[in-house]
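Following is a predicted model, sequence given first.
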Amino acid sequence: LAKTTQPISMDSYEGQEVNITCSHNNIATNDYITWYQQFPSQGPRFIIQGYKTKVTNEVASLFIPADRKSSTLSLPRVSLSDTAVYYCLVGGLNTGGFKTIFGAGTRLFVKA
Amino acid sequence: DTGVSQNPRHKITKRGQNVTFRCDPISEHNRLYWYRQTLGQGPEFLTYFQNEAQLEKSRLLSDRFSAERPKGSFSTLEIQRTEQGDSAMYLCASSLGTGDGNQPQHFGDGTRLSIL
């Protein structure tokens, strides 16, 4: 199973760009990379998903190098409300069955 | 609200009692997942349904745990003879099943179980 490694915590200030990198050296060919955001006492919220290269949506960008052994979630111009835990997931449902593992996540603190 | 709904939001019970949680997924989603999350940790996968069929179970799902999705819509998770270690947030998620199986999961806000 692909295991992910993320920084335990990060600090930032309002208006800055935040980049959170996730390592997943054992990613399988069929695995996708998905990022979720979670606030206290709430379920995780989907942010972005990608397979390779770059994906961008209205809230974030996801950069995936050619070897796919890592990925970087980029949050442009963060605000206080972006303080949350961010999880990087690798896996999904493929021929081997359902294999998705959440790590401990990265706690992002955005300061005024 | 058309998101994933979980009930109850909180459950407090004495050790040894049985508890049951309910999850109502997004209506057009045919896949449903259960996770458990303890404080400071990421969610841990418990089990997964496609329609009414339970296709995958984690080894975390001991024989005291049972999950059902009788008509392929809502699901229930039952824990029998609860133990202190069962105290956690139980999360349900659903997704739309497609050929590649990698549609994002949409989570409910969970049921927090506290065992006295």
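Okay, I see it.

Can you check what pLDDT the model gives B:Gln37?
What the model reports as pLDDT for B:Gln37 is 95.

these two touch, right, it and B:Leu46?
No: with contact defined as Cβ atoms under 8 Å, B:Gln37 does not count as touching B:Leu46 (10.3 Å). (Glycine included, C-beta is placed from N, CA and C.)

quick one, strands of the chain?
All of this refers to chain A. Taking DSSP state E as the test, the strands found in chain A are A:9-13, A:18-23, A:32-38, A:45-50, A:53-56, A:61-64, A:70-75, A:84-94, A:97-102, A:106-111.

my bad, the chain I had in mind was chain B
Defined through DSSP E, the strands belonging to chain B, from first to last, are B:5-7, B:10-13, B:19-24, B:31-37, B:44-50, B:53-57, B:65-68, B:75-79, B:88-95, B:106-107, B:111-115.

Include mean neighbour count and distance to A:Arg68 when you put those strands into TSV, please.
Putting the strands of chain B into TSV (neighbours: other Cβ atoms under 10 Å in any protein chain shown; distance: least, Cβ to Cβ, whole Å) gives the following:
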stretch	mean neighbour count	distance to A:Arg68
strand B:5-7	18	34
strand B:10-13	14	40
strand B:19-24	19	33
strand B:31-37	24	24
strand B:44-50	21	22
strand B:53-57	14	24
strand B:65-68	18	33
strand B:75-79	19	33
strand B:88-95	25	22
strand B:106-107	22	25
strand B:111-115	18	35
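
Distance to chain A for those strands - can I get that in JSON lines?
What follows is these, written out as JSON lines (distance: least, Cβ to the nearest Cβ, whole Å):
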{"stretch": "strand B:5-7", "distance to chain A": "8"}
{"stretch": "strand B:10-13", "distance to chain A": "10"}
{"stretch": "strand B:19-24", "distance to chain A": "11"}
{"stretch": "strand B:31-37", "distance to chain A": "8"}
{"stretch": "strand B:44-50", "distance to chain A": "5"}
{"stretch": "strand B:53-57", "distance to chain A": "4"}
{"stretch": "strand B:65-68", "distance to chain A": "14"}
{"stretch": "strand B:75-79", "distance to chain A": "15"}
{"stretch": "strand B:88-95", "distance to chain A": "5"}
{"stretch": "strand B:106-107", "distance to chain A": "3"}
{"stretch": "strand B:111-115", "distance to chain A": "8"}
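
Can you say which of those strands is nearest to A:Leu89?
Across those, the minimum distance to A:Leu89, taken as Cβ to Cβ, is reached by strand B:44-50, at 10.4 Å.

tell me how far the closest one is from the chain's mean position?
Taking the mean C-alpha point of strand B:44-50 and that of its whole chain, the gap between them comes to 7 Å (Cα atoms, centre = their mean, to the nearest Å).

helices and strands around that strand, which ones?
strand A:97-102, strand B:31-37, strand B:53-57, strand B:65-68 (3 or more Cβ pairs under 8 Å, 6 or more residues apart in numbering or on different chains; DSSP states H and E).

cutoff 10 Å now
Using 3 or more Cβ pairs under 10 Å, 6 or more residues apart in numbering or on different chains; DSSP states H and E as the contact test, the elements touching strand B:44-50 are strand A:84-94, strand A:97-102, strand B:31-37, strand B:53-57, strand B:65-68, strand B:75-79, strand B:88-95.

Show me what the residue most central in space within chain B bridges to in the sheet.
By Cα atoms, centre = their mean, chain B has its centre lying nearest to B:Trp34, at 3.0 Å. B:Trp34 has these beta-bridge partners by DSSP bridges: B:Thr47, B:Cys92.
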